[in-house]
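Novice: how would this look folded up:
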Amino acid sequence: MTDSDVLAGLDEVPWADLDHAYGPADDVPGLLRALRSERADERERALPELYSNIFHQGNRYPATAPAVPFLAQLALDPATPERNGIVYLLVAVAIAYDESQLPGGVDIAGWRAELGRMRSADPAAELRKFDMWVDAARDEGESRGRSVHRAVDDYGRVLRSAQAELDAYDAVRAEVPALRGLLDDDDPLVRAATAYLLGWFPEEAAGSITALEALLERESVTGVIADAIISAGLLSATELTPRLRDHLSGSEPVSRWAAATALVRLGVVEPEVIGVLAAASVDPPTTDTNAEISFMSGDVRGYSAQTLAALSGRLPVEIIDAVLEGLSRTSQVAAFPVAAAALRLVFPDGAPCPLPPFAELTGLQRRAVRILAELGPETWRWLNFTSILEAWNLPDTHVECRAYAGLDTSEQPPPSTFQQLG
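Specialist: Residues are numbered from 1 along each chain as shown. Model prediction:
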């Protein structure tokens, strides 16, 4: 197909009247066309720019949903280069960052209900809730941060943003029946990306489960199989439980891990299933193909720990020990999901408030705090990481945490700069 066929109607959209992160969206048509360019440098510029403007730091805008049908057509045309990247962009504009939706998957009924509640709510009452939230801050520093957030929050803007998010999701959902056809693509990267995409749309589960089952009957690439299995779990495909059990008992480590992940999502909490996830929390398996696992950007340890954390209060000590061992082997961004999971497991009743003396913590709690304190400055410089500790009412500076755990603080200078992801 020619560019004019694939992008038919592109110039009929009033892009200049639609906004994205940086103002009028009149640059979007050129960026979409650049995804078909024969020049790699133009394509490599266009995709990040689309991420930046119609999906800026997870936000969606009035221009986001109108771009979706053109992105889908580009992905469906074999003449478009690097189509897997376009499919991943479609997932991003639909759900933002996938870790925020895992391990349970998209609660679309709850999402729609919440937007309906927001539409019918009294803006003044909603702002009073913000005031109560500010008043409930634990200390002066938290109160200042919440006050800043309250000062810039306009309820009308919040509602428009929430509507843009759901509009983008629904725009991608409308393309799902056509996009399922990419499971037959010759490119395993495209098949993997598509298998990943299907798991986020439970309202399209009937057709997607059938397509994923057919894919699993013929697929040989490990990364594609893993994505298809996990998506089947997210879509509550209980009819595929026997097939998932076959993968669980197989010899391929990544497929076994994916099956365990999906089975927990389907309510199968058995020792073998939990054992596979515990082992992956310590020493995650990796694919030996060019199609990597898509979920959580291939962070098998983090996904395993989060899946186990959803079972908090139901796991034996040795499983929690495995998550803590995995935490000790992480650093920087990879530490975020494992730290959050570990704290949920060792504090099953919620954040301790007030924080007791270290000696009064349980053995697992003391071990978790020591591991966190012993992670290096390359991890502690991330605000995302320190925010996790703050949420659990633990010391959120490296020096204070080490001091609380009774560790040496003499060689722990505060980081000169902080970083934040997202």
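
Novice: What's the first helix or strand after the helix or strand containing residue 84?
Specialist: Counting by DSSP states H and E, the element that carries residue 84 is helix 83-95. Next in sequence after helix 83-95, counting helices and strands by DSSP H and E, comes helix 108-120.

Novice: any idea where the strands of the stretch 1-150 of the chain begin and end?
Specialist: Assigned by DSSP state E, counting those that start in this stretch, the strands in the stretch 1-150 of the chain fall at 19-20, 23-24.

Novice: Mean pLDDT, distance to residue 61 and mean neighbour count for these - can I get that in CSV?
Specialist: All C-beta atoms are positioned from the backbone trio N, CA, C, and that covers glycine. Listed next are these as CSV, based on pLDDT from 0 to 100; distance: least, CB to CB, whole Å; neighbours: other CB atoms under 10 Å:
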stretch, mean pLDDT, distance to residue 61, mean neighbour count
strand 19-20, 96, 5, 21
strand 23-24, 96, 10, 12
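
Novice: Quick one, which of those gets closest to residue 195.
Specialist: Of all the strands of the stretch 1-150 of the chain, the one in closest proximity to residue 195, counting by CB to CB, is strand 19-20 (28.8 Å).

Novice: Please enumerate residues in contact with that closest one?
Specialist: 25, 28, 53, 54, 56, 61, 62, 63, 64 (CB atoms under 8 Å, 6 or more residues apart in numbering).

Novice: Can you get me a residue count around the fifth one?
Specialist: Burial measure for residue 56: 14 neighbouring residues, criterion other CB atoms under 10 Å.

Novice: That one and residue 48 touch, don't they?
Specialist: No - look at residue 56 against residue 48 with CB atoms under 8 Å: they stay out of range, at 11.4 Å.

Novice: Neighbours of residue 317, how many?
Specialist: Using other CB under 10 Å, residue 317 has 9 other residues around it.

Novice: Quick check: pLDDT value at the closest residue to it other than its chain neighbours.
Specialist: Nearest non-adjacent residue to residue 317, counting by CB to CB, 6 or more residues apart in numbering: residue 364, 6.9 Å away. Here, the pLDDT recorded for residue 364 equals 97.

Novice: Look up how far residue 315 lies from residue 364.
Specialist: Distance, residue 364 to residue 315, by CB to CB, to the nearest Å: 11 Å.

Novice: before we move on, back to that, Serialize the contacts of strand 19-20 to JSON lines and add fields for distance to residue 377.
Specialist: Formatted as JSON lines, these follow (distance: CB to CB, whole Å):
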{"residue": "25", "distance to residue 377": "41"}
{"residue": "28", "distance to residue 377": "41"}
{"residue": "53", "distance to residue 377": "34"}
{"residue": "54", "distance to residue 377": "36"}
{"residue": "56", "distance to residue 377": "29"}
{"residue": "61", "distance to residue 377": "37"}
{"residue": "62", "distance to residue 377": "42"}
{"residue": "63", "distance to residue 377": "40"}
{"residue": "64", "distance to residue 377": "38"}
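
Novice: where do the helices sit along the stretch 251-400 of the chain?
Specialist: 253-265, 271-282, 300-309, 317-328, 335-346, 363-374, 377-380, 383-391, 398-404 (DSSP state H, counting those that start in this stretch).

Novice: need these in CSV with distance to residue 155, can you?
Specialist: Listed next are these as CSV, based on distance: least, CB to CB, whole Å:
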stretch, distance to residue 155
helix 253-265, 35
helix 271-282, 41
helix 300-309, 32
helix 317-328, 39
helix 335-346, 29
helix 363-374, 37
helix 377-380, 36
helix 383-391, 25
helix 398-404, 37
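
Novice: right, so of the ones you listed, which gets closest to residue 246?
Specialist: Nearest to residue 246, of these and by CB to CB, is helix 253-265 at 8.0 Å.

Novice: can you list contacts of the closest one?
Specialist: 103-105, 222-223, 225-227, 229-230, 232-234, 236, 241, 244-245, 247-250, 270, 272-274, 276-277, 280, 284-287, 293, 300, 303-304, 307, 310-311.

Novice: now the angle between helix 300-309 and it, please.
Specialist: 20 degrees (axes from the mean of the first three to the mean of the last three CA atoms, to 10 degrees).

Novice: residues near the residue lying closest to residue 96 once chain neighbours are set aside, how many?
Specialist: Distance criterion CB to CB, 6+ apart; nearest residue to residue 96, sequence neighbours excluded, is residue 58 at 4.1 Å. Residue 58 is flanked by 13 other residues according to other CB under 10 Å.

Novice: Same question for residue 338.
Specialist: Residues near residue 338, counting by other CB under 10 Å, number 26.

Novice: So for it, what's the pLDDT?
Specialist: The predicted local confidence for residue 338 is 98.

Novice: So it is in contact with residue 331, correct?
Specialist: No - with contact defined as CB under 8 Å, residue 338 and residue 331 do not form a contacting pair (10.3 Å).

Novice: Mind putting the strands of the stretch 1-150 of the chain into TSV with distance to residue 131?
Specialist: Below are these laid out as TSV (distance: least, CB to CB, whole Å):
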stretch	distance to residue 131
strand 19-20	29
strand 23-24	32
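
Novice: And the ones you listed: which comes nearest residue 174?
Specialist: Minimum separation from residue 174 across the strands of the stretch 1-150 of the chain (CB to CB) falls at strand 19-20, 20.2 Å.

Novice: Spatially nearest residue to residue 355 (excluding sequence neighbours)?
Specialist: residue 393 (5.3 Å).
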